[in-house]
Structure formats: C-alpha cells, structure tokens
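Enquirer: With the sequence up front, the predicted model follows.
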Amino acid sequence: SPSREVIFSESSVLVNSGAAQNWILDTLGLHERTGRRSLLALAESLVVPKAEVLGTTDRTMRRFVTELHRKYEEHQNPFHNEAHAAVVCHSTHWLGMRSKA
C-alpha cells in the first residue's frame, strides 16, 4: 500500500496544479493512485490547512481524518466508501469557497 509520502506527494500535486479548486476532480483516480487513501490526500490539501481557522491543530485534524478513513475501511460499503468521502470533501470545499456567506 502507498506510504505517507505518496499521500503527501498527491496532496502537493493537488495544491500546485490547482486541481483541488476545480469542480471536476478525478477522485476515483486519486483513490487508485493512493491505494484507497484519496480522503487522506484531499484532506491534506483542503482541510488540514484550515485547522487553525477551525480551532484545532494540524496534528489533531490529521488524526481526525485518519480515524474517519479507518472507519470507512473497517465498514466496507459499495457506495458510501472512502472514495465517496473524498468526493463529498471536495464538493463541500468547492461549494463553501464559492458561497457568498
């Protein structure tokens, strides 16, 4: 399975390419490239940088997302799976960044 370096590498690509800011994002490809860890890579680029604004630390946010990922892996579901969580993370971020609030 891919190491943390792969997750950080994919996260870096998402940030540097601006891909995470676009509506169209190949989360299933990310899911495959990271060995079913797309949520971790996406959270590293979208959620962890907002930890302070959310009133927590990077470390705590990573632990939370890692535990969330673990639960998806523990309870396999054909639709509500780790890749779906990454889609929800991305779309929520995208919509939130474009809201007028």
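Expert: Perfect, I can see it now.
Enquirer: what comes up buried for stretch 90-101?
Expert: Across stretch 90-101, burial judged by 16 or more other CB atoms under 10 Å covers His90, His93, Trp94. In short, each C-beta sits where N, CA and C put it, glycine included.
Enquirer: The helix or strand where the first one lies - contacts with which helices or strands?
Expert: This means His90. Under the criterion of DSSP states H and E, His90 resides in helix 82-97. The criterion is 3 or more CB pairs under 8 Å, 6 or more residues apart in numbering; DSSP states H and E, and the helices and strands that helix 82-97 contacts are helix 27-33, helix 38-46, helix 58-74.
Enquirer: then the second one to PDB, C-alphas only?
Expert: Coordinates of the C-alpha atoms in helix 38-46 are reproduced here as PDB (Å, rounded to 0.1, in the frame of the first residue of the first chain):
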ATOM      1  CA  SER A  38      -8.000   9.600  -1.500                       C
ATOM      2  CA  LEU A  39      -9.600  11.200   1.500                       C
ATOM      3  CA  LEU A  40      -6.300  11.500   3.300                       C
ATOM      4  CA  ALA A  41      -4.600  13.100   0.300                       C
ATOM      5  CA  LEU A  42      -7.500  15.500  -0.300                       C
ATOM      6  CA  ALA A  43      -7.800  16.400   3.400                       C
ATOM      7  CA  GLU A  44      -4.100  17.200   3.400                       C
ATOM      8  CA  SER A  45      -4.600  19.800   0.700                       C
ATOM      9  CA  LEU A  46      -8.000  21.200   1.600                       C
END
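Enquirer: How about Ser11, nearest residue that isn't a chain neighbour?
Expert: Glu44 (3.7 Å; CB to CB, 6 or more residues apart in numbering).
Enquirer: Glu73 too?
Expert: Once flanking residues are discounted, Glu73 sits nearest to Glu82: 6.5 Å by CB to CB, 6+ apart.
Enquirer: again, but for Leu25
Expert: The nearest residue in space to Leu25 (CB to CB, 6+ apart) is His90, at 5.4 Å.
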